[in-house]
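Colleague: Okay, predicted coordinates and the sequence, questions at the end:
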Amino acid sequence: AQSVTQPDIHITVSEGASLELRCNYSYGATPYLFWYVQSPGQGLQLLLKYFSGDTLVQGIKGFEAEFKRSQSSFNLRKPSVHWSDAAEYFCAVVPLGPRNNNDMRFGAGTRLTVKP
Amino acid sequence: EAGVTQFPSHSVIEKGQTVTLRCDPISGHDNLYWYRRVMGKEIKFLLHFVKESKQDESGMPNNRFLAERTGGTYSTLKVQPAELEDSGVYFCASSQDPANTGELFFGEGSRLTVL
């Protein structure tokens, strides 16, 4: 079945440590890929997106993500986590491209806790 | 510029009652979407408006859910009668040109608790 998988429900890291959040998808063709973040009391905010081209994508707040076609993955990374990064992170895909944005599909989310 | 706003932020009702959720999109955004997240699971698409027309309502779970967008501005999502499984967070999103930007702007969500 077509799906977006975020294997880690909850991750805890120390402030200043590096972070990697995993996302895998299962679609026949490479979808358009997104990472959103939801901080407490806030709406979902776009961190970065990948449509085509360079497979390493830079986003806001110091985040980056790498698209790996061979692994059907789009993992989110940050070299040094800040306490303000504590939030829930959602991977999303659009299987047929942005013309079908109504078809945006989300993973179940990964909650990030940052230890002082 | 104001973002997408949703009201109420939290609603607690009893099974069988009616609830209406409201979404005000970003001004000028013709595309408006409703999504739902149930019990910590993935966020699921409900429907998509382009102006006042329903572009796609394939994600609406059943006929107890009614979405409207009169005049192509704000939208309401009514659940009548509410059931226990309707509990969750309902997100609204808007976009000016999803075909080019691919980005949806989300509201904070309306949490619905059905007892």
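Modeller: Yep, it's here.

Colleague: residues from chain B in reach of chain A?
Modeller: Within chain B, the positions near chain A by CB under 8 Å from any CB of the partner chain are B:3-4, B:31, B:33, B:35, B:40-45, B:47-48, B:55-56, B:91, B:93, B:95, B:98-109. No exception for glycine: its C-beta is placed from N, CA and C like everyone else's.

Colleague: Please pick the buried ones from the residues you listed.
Modeller: B:4, B:31, B:33, B:35, B:42-45, B:47-48, B:56, B:91, B:93, B:95, B:98, B:102-109 (16 or more other CB atoms under 10 Å in any protein chain shown).

Colleague: neighbours of A:L21, just the number please.
Modeller: 23 (other CB atoms under 10 Å in any protein chain shown).

Colleague: hang on, it packs against A:L76?
Modeller: Yes. Look at A:L21 against A:L76 with CB atoms under 8 Å: they come within range, at 4.3 Å.

Colleague: Need the overlap of contacts for these two.
Modeller: By CB atoms under 8 Å, 6 or more residues apart in numbering or on different chains, A:L21 and A:L76 have these common neighbours: A:35, A:89, A:91.

Colleague: Can I get stretch A:70-83 in PDB, CA atoms only?
Modeller: C-alpha atoms of stretch A:70-83 as PDB (Å, rounded to 0.1, in the frame of the first residue of the first chain):
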ATOM      1  CA  SER A  70      17.400   4.200  -3.800                       C
ATOM      2  CA  GLN A  71      16.100   4.100  -0.200                       C
ATOM      3  CA  SER A  72      12.800   6.000  -0.800                       C
ATOM      4  CA  SER A  73      13.800   8.200   2.000                       C
ATOM      5  CA  PHE A  74      13.800  11.900   2.900                       C
ATOM      6  CA  ASN A  75      15.400  12.200   6.300                       C
ATOM      7  CA  LEU A  76      15.500  15.500   8.200                       C
ATOM      8  CA  ARG A  77      18.700  16.500   9.900                       C
ATOM      9  CA  LYS A  78      20.100  19.300  12.000                       C
ATOM     10  CA  PRO A  79      23.700  19.400  13.200                       C
ATOM     11  CA  SER A  80      23.000  21.000  16.600                       C
ATOM     12  CA  VAL A  81      19.600  21.000  18.200                       C
ATOM     13  CA  HIS A  82      18.300  24.000  20.200                       C
ATOM     14  CA  TRP A  83      15.800  23.800  23.000                       C
END
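
Colleague: That one: which residues count as buried?
Modeller: Within stretch A:70-83, the residues scored as buried using 16+ other CB under 10 Å are A:73-76, A:78, A:81.

Colleague: Show me what from chain A comes close to chain B.
Modeller: Taking CB under 8 Å from any CB as the contact definition, chain A meets chain B at A:4, A:32, A:34, A:36, A:41-46, A:49, A:51, A:90, A:92, A:94, A:98-99, A:101-109.

Colleague: From those, keep the buried residues only.
Modeller: A:4, A:32, A:34, A:36, A:43-46, A:49, A:51, A:90, A:92, A:94, A:98, A:101-109.

Colleague: Can you flag which of those belong to strands?
Modeller: A:4, A:32, A:34, A:36, A:44-46, A:49, A:90, A:92, A:94, A:105-106 (DSSP state E).

Colleague: need those residues in TSV with pLDDT, can you?
Modeller: Listed next are these as TSV, based on pLDDT from 0 to 100:
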residue	pLDDT
A:V4	91
A:Y32	85
A:F34	93
A:Y36	95
A:L44	88
A:Q45	90
A:L46	91
A:K49	93
A:F90	96
A:A92	92
A:V94	81
A:R105	85
A:F106	90
